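Engineer: fold the following.
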Amino acid sequence: MNPTHAAPLAEAQSIWMCDPTHFDVAYVINPHMAKHVGGVDRALARQQWEHLKNAFERAGLNVTVLPAVKDLPDLCFAANQTFPLRDTTGTVVRSKMAAPQRRPEVDHVAEHWRRAGHPIVELRSEGPFEAGGDGLWYPGRRLILAGVGPRSTREAWDEVSRIGRVPVVPFDLVHPRYYHLDTCLCPLDPDCALYVPEAFTDQGVRDIRRLFPEAEPLPSAEAQQLAANGVAIGRHFFVQANSPVSRSVAAARGFTVVEVETSEFLKSGGSVTCLHLRF
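Structural biologist: Predicted coordinates:
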C-alpha cells in the first residue's frame, strides 16, 4: 500500500482518441443511458469531442485519432478496449467487455496496436475486464488502482498484475451509477485524489485516504456529472465544465484547470477520461 515502493512511471505524452461519428445511445448498459436512447445530438457531440481533442493538443499532448466504425456507437470511449502496460515491452492487454454490444470494439482497437508493433495479450480469466475504465495509474508510479465489480473482476486484475509485474490495489465498486473506477476516482498527485464516497465500501474509502492523505470527496452534484472522470496530465487538469469543487481543489494544487463540456457523452455515462487512452 506504500506507493513509494513502486517503480517510477514516466509521464505519458501520447493519447489515442476514437472518432465519434457514430456515437449514440443505442442501448442501455448503465444507469446514465436509461433515459437517453436515441437522444444524442451528434453535431454537438462532435463539437464537444473536438474541443477536448484541441485542449489536449494545446497542452502539448500528441493525439492520434482512430477511425469510427458503423454500429459501434461506444467506440469513442477509447479508455475501455485495451490497457497498455506502459513498460519497456510495449505490451497491451485486450479487454473483455461485459456487454456483448461492445465486444467488437476490442478487435478494432487491438488491430491498431498490432500494426504499431505492440505485443497483444488476451487474459485467460473468464470474467470481464474493461481496461482503463477500471484501471488508473497512481501518479508517477507503476501501481495500478483497480476497480472490481460489474465491469472487471479481481481475477482479471490479478492476471494483469502477473503479466505486467506491477502491483495492483483493488477497490470494490458498490454503486450502479459508478460502474467504472474512472467514474468515481480521479488521482491528481501523490497526495490528493478526488473521489465519490458512495461508490466505495468503507474499506475502499480508507484505502483511498491512505494512498492519498489529502483526498477530497466530491459533492453529489459534481459526482453525478462525472467530475471524477476528469484527468490530471502533467500540470493540466481536464474536467467537465461547471465543477467548482474539482476546479478549486486542482487549482489550489497548482494545476491549470481546463474545463470542457461533455454533456452529450454524459448521456452514455462517459466524460473526459472515458474519451481518451493515454500511454
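
Engineer: how about the helices in this protein?
Structural biologist: With DSSP state H as the criterion, the chain has helices at 42-58, 103-115, 154-164, 202-211, 220-224, 244-252, 263-266.

Engineer: closest to Pro31 out of those?
Structural biologist: Between Pro31 and the helices of the chain, the shortest separation by C-beta to C-beta is 10.4 Å, and it involves helix 220-224. Using the backbone N, CA and C atoms, a C-beta is placed for each residue, glycine as well.

Engineer: what packs against the closest one?
Structural biologist: helix 244-252 (3 or more C-beta pairs under 8 Å, 6 or more residues apart in numbering; DSSP states H and E).

Engineer: ok, residues contacting the helix it packs on?
Structural biologist: Contact with helix 244-252 is made by 186, 188, 192, 194, 216, 218-219, 222, 227-228, 230, 232, 237, 239, 257, 259, as judged by C-beta atoms under 8 Å, 6 or more residues apart in numbering.

Engineer: repeat the analysis, applying 7 Å as the threshold.
Structural biologist: For helix 244-252, the external contacting residues (C-beta atoms under 7 Å, 6 or more residues apart in numbering) are 188, 192, 194, 216, 218-219, 222, 227, 230, 237, 239, 257, 259.

Engineer: likewise stretch 9-16?
Structural biologist: The list of residues contacting stretch 9-16 from outside it, by C-beta under 7 Å, 6+ apart, reads 56, 61-64, 66, 78, 86, 137, 140-142, 234, 276-279.

Engineer: among the helices of the chain, which is the most enclosed?
Structural biologist: Each of the helices of the chain was scored by mean neighbour count; the highest is helix 263-266, a mean of 22, by mean count of other C-beta atoms under 10 Å.

Engineer: let me know the average pLDDT across that one.
Structural biologist: Across helix 263-266, pLDDT averages out at 98.

Engineer: helices or strands up against it?
Structural biologist: Under the contact definition 3 or more C-beta pairs under 7 Å, 6 or more residues apart in numbering; DSSP states H and E, helix 263-266 sits against helix 42-58.

Engineer: if we can go back for a sec, in strands only, show me the contacts of stretch 9-16.
Structural biologist: Asn62, Val63, Thr64, Leu66, Trp137, Leu277, Arg278 (DSSP state E).

Engineer: related to what we said a few turns ago, for Arg177, find the nearest of the helices of the chain.
Structural biologist: helix 220-224 (7.4 Å).

Engineer: pull the distance from that closest one to the chain's centre.
Structural biologist: With C-alpha atoms, centre = their mean, to the nearest Å as the basis, helix 220-224 stands 17 Å off its chain's centre.

Engineer: now swap in stretch 171-186 and tell me
Structural biologist: 11 Å.

Engineer: stretch 92-110 too?
Structural biologist: 15 Å.

Engineer: cool, and stretch 170-183?
Structural biologist: Using C-alpha atoms, centre = their mean, the offset of stretch 170-183 from its chain centre is 12 Å.

Engineer: got the end-to-end distance for that stretch?
Structural biologist: 15 Å (C-alpha to C-alpha, to the nearest Å).

Engineer: give me the number of residues near Val5?
Structural biologist: For the record, residue 5 is His, not Val. Neighbours of His5 under the rule other C-beta atoms under 10 Å: 9.

Engineer: hmm, which of the contacts of stretch 9-16 are the buried ones?
Structural biologist: Among the contacts of stretch 9-16, the ones that count as buried by 16 or more other C-beta atoms under 10 Å are 56, 61, 66, 78, 86, 137, 140-142, 276-279.
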